[in-house]
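**Q** build me a structure from this.
(one chain, ligands or ions: 2)
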Amino acid sequence: MAQLSDDCFAFGGALMPVDEALAIIAARLVAVDSVEQVAFHEADNRVLADDLLAPVPLPLFANSAVDGYAIASADLPQDHPRAFAVSQRVTAGAVAQPLVAGTVARIFTGAPMPEGADTVFMQEDVEIDGETIILPPGLKPRANMRPAGEDIAQGARAIPAGTRLRPQHVALAAALGLTKLHVRRRIKVAVFSTGNEVVAPCMPRTAAQLYDSNRYMLAALLVRLGCDVSDLGILRDEREALTSGLKQAAQKHDLILTSGGVSTGEEDHMRAAVEAVGSLVLWRMAIKPGRPVAMGVIDGTPFIGLPGNPVASFVTFAYVVRPVMLALAGARMEQLVALPVRANFAYKKKKGRREYVRASLTVLSDGTREAQKFPREGAGLLSSLCETDGLVELAEDCEGVTPGDQVAFIAYPSLF
Ligand code: AMP
Ligand code: MG
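**A** Ligands and ions are numbered 1, 2, ... in the order given. Below is the predicted model of the structure:
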């Protein structure tokens, strides 16, 4: 397990700006160092451990990009159409013979270029006259052919270390003929819910209890990010239950994640519990929804305590847990790319904190993308996350939105 010092998340300010939180996280966390080999087709969503160098060029050999006729550029008609004899026929997968000078080769998409040929006429652009082919003037040398290595040169870095592999990387590894890839081991994350009022959906419930939803949301988010998740259930709001649960989880995990109990009410026991078994700093983050996020270290293992309200949990997951998790997994920090869209709502905001507004996106008939704010704002409204498409990000210095303003929109799928 990664070992951190107890004071690594210490912070002196009153409200922690989101970017400052990210900088602290990036500087303090050490990635898991064990590496394993996986079959290339099982590498989706894993983190590449070393730079992947291309053992072969891509394409592997020069080939035709179209169905047509291959020719040497020295023979290209200059001012007038010219007739050529067809000296061979090269299909995809077949071996080509060297091109006889002054002739063309019938060729198909993906077929190897005959030695001596470097240009291909599309079949639509030629005229067939019995046994001969009439080629028009004006084609550029090397048109319609894909030289070996034009995509990736042999020996070049095809995928940098730290890339979270996606289906297109799996395809690239396959195209390079690689059957095994070196990836970091998956990080192990323990997830707890806390609160005497919280029960699992399969359990009997008293009138004042609610079904746990955070644990399942957080576990699903973590699985999408490629973690091994241990669902460790619900901890009661009691110091003893919390301390023993946390202490045990710290032994076998790279990260401990809880939700609830991190506010400063006297029934919020998480703070004291973490302080009893490790060290804790309460980050009052300058983020809405969100605010109290506890960060700490228990026996060298990082701990994050998210707020209990589901929407606050979701947003702070995206902006605190996700970067922590990626750093521990050895993944390069992935910038969240916001889309400029037009707001069709008014919104008042305090300066000095970042706010995320749940919004649906509509594409108008003129192509304008318009963000529509969810009509209610409560941090407990799960329907607001389900019925919207993403978050409008309002920066610290923004004081509000007027309809027609351009705002930054982050679609939910980019968060996991
Ligand atoms: P807390 O952060 O513990 O003060 O909780 C804030 C709100 O979130 C309260 O209304 C809790 O009942 C609710 N809450 C806490 N944990 C969960 C959970 N696991 N699932 C759904 N709601 C929760
Ligand atoms: Mg609570």
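**Q** next one: the lengthiest helix in the chain to chain centre, how far?
**A** Identified as the longest helix of the chain according to DSSP state H is helix 239-252. Here helix 239-252 is found 31 Å from its chain centre; the criterion is CA atoms, centre = their mean, to the nearest Å.
**Q** and it, does that touch ligand 2?
**A** No: shown here: helix 239-252 not in contact with ligand 2 (CB under 5 Å from the ion), separated by at least 11.1 Å. In short, each C-beta sits where N, CA and C put it, glycine included.
**Q** ok, then the element right after that helix?
**A** Going down the chain from helix 239-252, the next helix or strand is strand 255-259, by DSSP states H and E.
**Q** which residues does that following strand contact?
**A** 187-194, 214-215, 218, 222, 227, 235, 246, 249-250, 270, 298, 301-308, 313, 321, 324-325, 328 (CB atoms under 8 Å, 6 or more residues apart in numbering).
**Q** who in this structure is up against ligand 2?
**A** Gly195, Gly260, Gly261, Gly308.
**Q** which one of these is nearest Leu210?
**A** For those, the closest approach to Leu210 (CB to CB) belongs to Gly195, at 8.7 Å.
**Q** so what's that closest one closest to, chain neighbours aside?
**A** Leaving aside its chain neighbours, Gly195 sits nearest to Gly260 (4.6 Å; criterion: CB to CB, 6 or more residues apart in numbering).
**Q** then Pro403?
**A** Asn344 (5.4 Å).
**Q** re earlier: give me the neighbour count for the residue nearest to Gly195.
**A** 26 (other CB atoms under 10 Å).
**Q** quick one, grab the pLDDT at whatever residue of the stretch 251-400 of the chain ends up closest to ligand 1.
**A** Scanning the stretch 251-400 of the chain for the residue nearest ligand 1 gives Gly308, at 2.4 Å (criterion: CB to the nearest ligand atom). Note for Gly308: predicted pLDDT of 95.
**Q** what is the burial count for it?
**A** Count around Gly308 with other CB under 10 Å applied: 24.
**Q** that one reaches Glu267, doesn't it?
**A** No: using CB atoms under 8 Å, Gly308 is not in contact with Glu267, being 11.1 Å away.
**Q** can you list residues touching both of the two?
**A** Common neighbours of Gly308 and Glu267 (CB under 8 Å, 6+ apart) are Gly261.
**Q** so for the longest helix of the chain, what gets flagged as buried?
**A** Within helix 239-252, the residues scored as buried using 16 or more other CB atoms under 10 Å are Ala241, Leu242, Thr243, Gly245, Leu246, Lys247, Ala249, Ala250.
**Q** quick one on the thing from earlier: what sits against the residue nearest to Pro403?
**A** Glu370, Ala371, Gln372, Pro403, Gly404.
**Q** can you check Leu181 too?
**A** So Leu181 contacts Gln37, Val38, Ala39, Phe40, Ala43, Arg46, Leu48, Leu52, Leu165, Ala173 (CB under 8 Å, 6+ apart).
**Q** again with Cys398
**A** Lys349, Lys351, Glu355.
**Q** ok, the residue nearest to Gly195 to Val32 distance?
**A** 27 Å (CB to CB, to the nearest Å).
**Q** show me where pLDDT drops low in the chain?
**A** 1-2, 11-13 (pLDDT under 70).
**Q** now with 90?
**A** Applying pLDDT under 90 to the chain flags residues 1-28, 262-272, 280-286, 290-295, 333-337.
**Q** for the closest residue to Ala92 other than its chain neighbours, which residues are in contact?
**A** Take Ala92 and drop its neighbours on the chain: the residue closest to it by CB to CB, 6+ apart is Gly110, 4.0 Å away. Counting by CB under 8 Å, 6+ apart, Gly110 touches Asn63, Ser64, Ala92, Gly93.
**Q** and the helices in the stretch 51-200 of the chain, which stretches?
**A** 167-175 (DSSP state H, counting those that start in this stretch).
**Q** do a quick rundown of the strands in it.
**A** 52-53, 63-64, 68-71, 82-90, 103-107, 119-122, 127-129, 132-135, 145-146, 157-159, 180-184, 188-194, 198-199 (DSSP state E, counting those that start in this stretch).
**Q** closest one to Ser279 among these?
**A** Nearest of the strands of the stretch 51-200 of the chain (CB to CB): strand 188-194, 17.7 Å.
**Q** list the helices and strands that closest one packs on?
**A** Secondary-structure packing of strand 188-194 (3 or more CB pairs under 8 Å, 6 or more residues apart in numbering; DSSP states H and E): helix 214-224, strand 228-235, helix 239-252, strand 255-259.
**Q** say whether ligand 1 is contacted by that strand.
**A** Yes: counting by CB under 6 Å from any ligand atom, ligand 1 has neighbours in strand 188-194: Ser193.
**Q** show me which residues of this structure sit near ligand 1.
**A** Counting by CB under 6 Å from any ligand atom, the chain sits next to ligand 1 at 193, 195, 197-198, 210, 212-215, 259-261, 263, 307-310, 380.
**Q** what about burial for those, which qualify?
**A** Looks like these have 193, 195, 197-198, 212-215, 259-261, 263, 307-310 buried, using 16+ other CB under 10 Å.
**Q** which SS class is Phe409?
**A** strand (DSSP: H, G, I helix; E, B strand; the rest coil).
**Q** tell me how many other residues crowd it.
**A** 22.
**Q** Arg224 now?
**A** Neighbours around Arg224, by other CB under 10 Å: 12.
**Q** any idea how far it lies from Ile256?
**A** 19 Å.
**Q** just Val120 next, same as before
**A** For Val120, the distance to Ile256 - CB to CB - is 60 Å.
**Q** ok, now which ones touch whichever residue of the stretch 101-250 of the chain sits closest to ligand 2?
**A** Nearest to ligand 2 in the stretch 101-250 of the chain, going by CB to the ion, is Gly195, at a distance of 3.9 Å. Neighbour list for Gly195: Ile234, Arg236, Asp237, Gly260, Gly261, Gly308 [criterion: CB under 8 Å, 6+ apart].
**Q** may I have the phi/psi pair for it?
**A** With angles defined as degrees, to the nearest 10, Gly195 sits at phi 130, psi 130.
**Q** and for Asp19?
**A** phi -70, psi -30.
**Q** likewise for Ile25?
**A** phi -60, psi -50.
**Q** right, and it touches Ala327 too?
**A** Yes: with contact defined as CB under 8 Å, Ile25 counts as touching Ala327 (6.0 Å).
**Q** brilliant, that's me finished.
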